[in-house]
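Dropping a prediction and its sequence here:
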Amino acid sequence: MTSKEMEIRSGVPRANIRYYEAEGLLAPARSGNGYRDYSEEDLRTLEKIKLLRRLGVTIEELRALRDGKADLAAVLDRRLAEVGGQRAALGRVERVCGDLRRSGATFAALDPGKYLADLDAPALPGEAGTPLWREPQATALPETDRLPTVCSASRRFFARAFDEFLVWMILVAGLCLMGYHPTRAGLAVNLAQVVLLGVLEPLSLHLWGTTPGKALLGMRLAGPDGKNLPYSEGVTRYIMMLMYGLGFYIPFLSLVLLIRSAWRCWKEEPQPWDGGVAYIAKPFRLRYAASLILAVLLTLAAGEAANSWSQLPPNKGDLTVAEFAENYNRQASYLGFGGKTYLDESGQWQEKPEEGSQITISLDELMDINPWDDAKVFHYTVEDGHVTAVTMSGTLRNATTMWVDTPDDYVPRIVMALVWGRREATFWSFSRQAQLRELEDADWKRGFTLHQPGVVITAEVEQSGFYYYKGMGWQPEQPENYLSFTYTVALDNG
């Protein structure tokens, strides 16, 4: 029979059944798929355990009875003597309490000596014919007859969330440090996180009995013998958690299973993946929440440091044209704006070689400068062999196309290659991103001069017969029209 059938027929909760198995009092067979298969003999054994435990027989005595090292009559005699002693002790308490009540003594005037002597006197027989006002209820199975489990849904949730977050940040930081932008990995990072956590979590439980998230919140796991879980059992537990707790992250199913897990916590029932595991938690303290928040902040700071470092160009300080080109090509590759062109050592645009059946797009089509006359993509100002400014310019007359787009987006790319390696550039990426957002919000329609640390960015625009749509470009409104631009990114050493 299954665990559910065993629970229904015996009236013993599944958590207690698991506990007796862990204590070696039950040893059900296993079916081909690994599930427990209880026999009728297992049911009779469980009922014997239920009876004797409710009578107060200890687990050690049950184990001795099973192994034939103790006699049932002797065990029951010991229990009868124990119950008789308890009854006598209660009778003595009742008599002394009654005497004290009838004396009318106050707390201030109480003389405890006489009454303490009465409490320590030999047991007195009970009075015959004492009325029983209420039939005493037989004892239930002891609460200790189950492996401990953590029933705080919030502590369990935040512990696992931190473990997942920590592994995810390790993967993201690793990709950054290897020069591969994490956003290009897509779902592969999430899949790798699930797999890597399935390796690291069982290892952590085997070595230390806890994980970073559980340790921060004062929780640990152990086997029934109090020792750390074997690695294989940790792997099995993780897979069962994915299946019954998260539904392998399948949308909607995952939400339903999370709600069911929280419901089990509310009912103080163990989770399916905690069978045969002692899940222990210290009393909650505010320092646990504080340590978790601090750990999250430190992890975020470490991840941001890796991200910031990875976005710095390879060449720093004063750059030659070839070094600027190398910086630009690296930033284009890492941040994903390279397209099918690159800068050669002389700083001129070249098309990347065609690969297989790849469709070739011309440089003019890629940069959307086909309508321009005499457009120079990058013009370099060089002093003492080092690039001090990069300029783009173009002029267009009597355009007939529906839209004309000036290459505004190349200006921040020049900044990434030329300025981000300067001494004045901040290390943290969020400050550099703020620099780019300032460029994005600039007035590209009328032109501007923008002063930023170590650089001056200028956009000069002249036009007639055009209308500018932000984010889309220029639209000719008259047959005779004119549009000219000059963009300059110049180092400012002052």
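Arrived safely, thanks for sending.

CA atoms for contacts and neighbours, from now on please.
Noted.

phi, psi of the nearest residue to Leu221 once chain neighbours are set aside?
Of all residues not flanking Leu221 in the chain, Tyr279 sits nearest, at 4.6 Å (Cα to Cα, 6 or more residues apart in numbering). The phi and psi values for Tyr279, taken as degrees, to the nearest 10, are phi -100, psi 110.

mind listing what Tyr279 touches?
Contacts of Tyr279 were listed using Cα atoms under 8 Å, 6 or more residues apart in numbering, and they are Leu147, Pro148, Thr149, Val150, Met219, Arg220, Leu221, Ala222.

What ranges in the chain fall below the confidence cut-off?
34, 121-141, 143-144, 354-376, 494 (pLDDT under 70).

For it, just list every one of the strands.
Chain-ordered strands for the chain, with DSSP state E as the definition, fall at 29-30, 36-37, 219-222, 278-281, 341-343, 349-351, 373-383, 386-397, 448-452, 455-464, 466-469, 473-476, 482-491.

what's the last one packed up against?
Pointing back at strand 482-491 there. strand 386-397, helix 410-418, strand 455-464 (3 or more Cα pairs under 8 Å, 6 or more residues apart in numbering; DSSP states H and E).

Out of the ones you listed, which one sits most buried?
helix 410-418 (a mean of 21; mean count of other Cα atoms under 10 Å).

which parts of stretch 46-54 are buried?
By neighbour count on 16 or more other Cα atoms under 10 Å, the buried set for stretch 46-54 is Leu46, Glu47, Ile49, Lys50, Leu52, Arg53.

what's the spacing between the fourth one and Glu41?
Applying Cα to Cα, to the nearest Å, one obtains 14 Å for the distance of Lys50 from Glu41.

Could you do the fifth one as well?
Using Cα to Cα, one obtains 17 Å as the distance from Leu52 to Glu41.

Can you tell me which of the strands of the chain is nearest to Thr2?
Proximity to Thr2 (Cα to Cα) singles out strand 36-37 among those, at 5.7 Å.

Surely Thr395 and Leu483 touch.
Yes: counting by Cα atoms under 8 Å, Thr395 touches Leu483, with 5.8 Å between them.

Pro476 is in contact with Tyr468, correct?
No: the pair formed by Tyr468 and Pro476 falls short of the contact definition of Cα under 8 Å, at 9.0 Å.

Pick out whichever of the two has more residues nearby.
Pro476 (21 against 17; other Cα atoms under 10 Å).

The more buried one bridge partners, please.
Counting by DSSP bridges, Pro476 is bridged to Phe466.

which residues touch it?
Pro476 sits in contact with Ala399, Thr400, Thr401, Met402, Trp403, Val404, Gly465, Phe466, Tyr467, where contact means Cα under 8 Å, 6+ apart.

rerun at 7 Å
Each residue near Pro476 by Cα atoms under 7 Å, 6 or more residues apart in numbering is listed here: Ala399, Met402, Gly465, Phe466, Tyr467.

Nearest to Arg30 among these?
Met402 (74.4 Å).

doesn't Gln475 make contact with that closest one?
Yes: at 6.1 Å, Met402 and Gln475 qualify as touching, with contact defined as Cα atoms under 7 Å.

Pick out whichever of these two has more residues nearby.
The residue with more neighbours, out of Met402 and Gln475, is Gln475; 18 against 9, by other Cα under 10 Å.

Glu440: which of the helices and strands packed on strand 482-491 is closest?
That would be, of these and by Cα to Cα, helix 410-418, which comes in at 8.5 Å.

Please name every helix or strand in contact with that closest one.
Using 3 or more Cα pairs under 7 Å, 6 or more residues apart in numbering; DSSP states H and E, the elements in contact with helix 410-418 are helix 321-335.

Helices of the stretch 101-250 of the chain, start to end?
112-119, 153-177, 187-208, 212-216, 231-244 (DSSP state H, counting those that start in this stretch).

For stretch 211-225, list every residue counted as buried.
Across stretch 211-225, burial judged by 16+ other Cα under 10 Å covers 211-224.

From Glu440, how far off is Ala302?
Relative to Glu440, and taking Cα to Cα, Ala302 is found at 28 Å.

go on, Gly339?
Using Cα to Cα, Gly339 is found at 21 Å from Glu440.

now Ser204
47 Å.

go on, Thr106?
Counting by Cα to Cα - Thr106 and Glu440 are separated by 85 Å.

which one of the two has more residues nearby?
Ranked by neighbour count (other Cα under 10 Å), Thr106 and Glu440 place Glu440 first, with 15 against 10.

From Phe448, how far off is that one?
Distance, Glu440 to Phe448, by Cα to Cα: 12 Å.

go on, Arg95?
For Arg95, the distance to Phe448 - Cα to Cα - is 99 Å.

Tell me how many other residues surround the nearest residue to Arg413 once chain neighbours are set aside.
Spatial nearest neighbour of Arg413, chain neighbours left out: Tyr328 (7.3 Å); criterion: Cα to Cα, 6+ apart. Close neighbours of Tyr328, defined as other Cα under 10 Å, add up to 24.

re earlier: out of the helices of the stretch 101-250 of the chain, the one nearest Glu5 is which?
Across the helices of the stretch 101-250 of the chain, closest to Glu5 is helix 231-244 (Cα to Cα), at 20.0 Å.

is it true that Gly473 touches Met402?
No: counting by Cα under 7 Å, Gly473 does not reach Met402; the two are 10.1 Å apart.

From one end of stretch 332-345 to the other, what's the distance?
Start-to-end, stretch 332-345 (Cα to Cα) is 15 Å.

Need phi/psi at the residue lying closest to Pro453 once chain neighbours are set aside.
Closest residue to Pro453 apart from its sequence neighbours, by Cα to Cα, 6+ apart: Glu424 at 6.1 Å. Glu424 has phi and psi values of phi -80, psi -20 when expressed as degrees, to the nearest 10.

start the count at 242, not 1, going forward
OK, 242 is where the count begins now, so the last one is Glu665.

what about Glu665, neighbour count?
15.

likewise Phe406?
When neighbours are defined as other Cα under 10 Å, Phe406 has 17 of them.

In contact with the closest residue to Gly464 other than its chain neighbours, which residues?
Among residues not flanking Gly464 along the chain, Val518 sits closest, at 5.0 Å (Cα to Cα, 6+ apart). Neighbouring residues of Val518 by Cα under 7 Å, 6+ apart: Leu388, Leu462, Ala463, Gly464, Pro465.
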